[in-house]
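[1] Show me the folded form of this:
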Amino acid sequence: MKEIFERRSIRKYTADPVSLEHEEKLLRAAMQAPSAGNEQPWEFIVVRDPETLKKMTEGHPYSTPLLGAPLGILVCGDVNKQKFNPYAYWVQDCSAAIQNLLLEAQHLGLGAVWMGLHPIKEREDVLIKLFELPEGIIPLGMIAVGHPAQTVSPVDRYLPERVHREKW
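    Take a look at the predicted model:
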């Protein structure tokens, strides 16, 4: 629970690289997420090249953390893996994977931030073109990961007025 309550969006990183061991732990955590029908529709593109990270920011006004990150991860959903309805639950499944990745980053002492793409078509299109994504692969979000160069204090976000019991 510690990681859940201490996790914050980190947007500034040191120049230290993220190890391949930590990269694998992040991806393993992501792939442990629950998914509807166990379809696991996620796909990940791991990016370390600074020029590619820079190109990923084109058309996304909040993506500047990628410019200083040693590691970027593009999380995509494969709607072709959805057996019953191609657009049924890939967003929820991939979002759960992203949350797992963010919590593992916190656990490893890394900083990370999730930058949303879907459902804004203009943001999606930049990544579809850049990575030559095949039909049915939809970019959901980008994650910048690195060793934190900033400290962001935890915040208690519990709001009892948002809890409704038995009815609204």
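[2] now stretch 76-89, how far from the chain's geometric center?
    18 Å (CA atoms, centre = their mean, to the nearest Å).
[3] next one: stretch 88-106
    How far stretch 88-106 lies from its chain's middle: 7 Å, per CA atoms, centre = their mean.
[4] Show me which positions of it end up buried.
    Within stretch 88-106, the residues scored as buried using 16 or more other CB atoms under 10 Å are 88-91, 93-106. C-beta coordinates here come from the backbone N, C-alpha and C atoms, glycine included.
[5] which helices and strands sit right next to the longest strand along the chain?
    The residue-count maximum for a strand in the chain (DSSP state E) belongs to strand 137-146. Judged by 3 or more CB pairs under 8 Å, 6 or more residues apart in numbering; DSSP states H and E, strand 137-146 is in contact with helix 65-68, strand 71-78, helix 90-107, strand 111-116, helix 121-130.
[6] Just send the ones you listed back as JSON lines, with mean pLDDT and distance to Gly146 too.
    Formatted as JSON lines, the helices and strands packed on strand 137-146 follow (pLDDT from 0 to 100; distance: least, CB to CB, whole Å):
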{"stretch": "helix 65-68", "mean pLDDT": "98", "distance to Gly146": "7"}
{"stretch": "strand 71-78", "mean pLDDT": "98", "distance to Gly146": "6"}
{"stretch": "helix 90-107", "mean pLDDT": "98", "distance to Gly146": "9"}
{"stretch": "strand 111-116", "mean pLDDT": "98", "distance to Gly146": "6"}
{"stretch": "helix 121-130", "mean pLDDT": "98", "distance to Gly146": "20"}
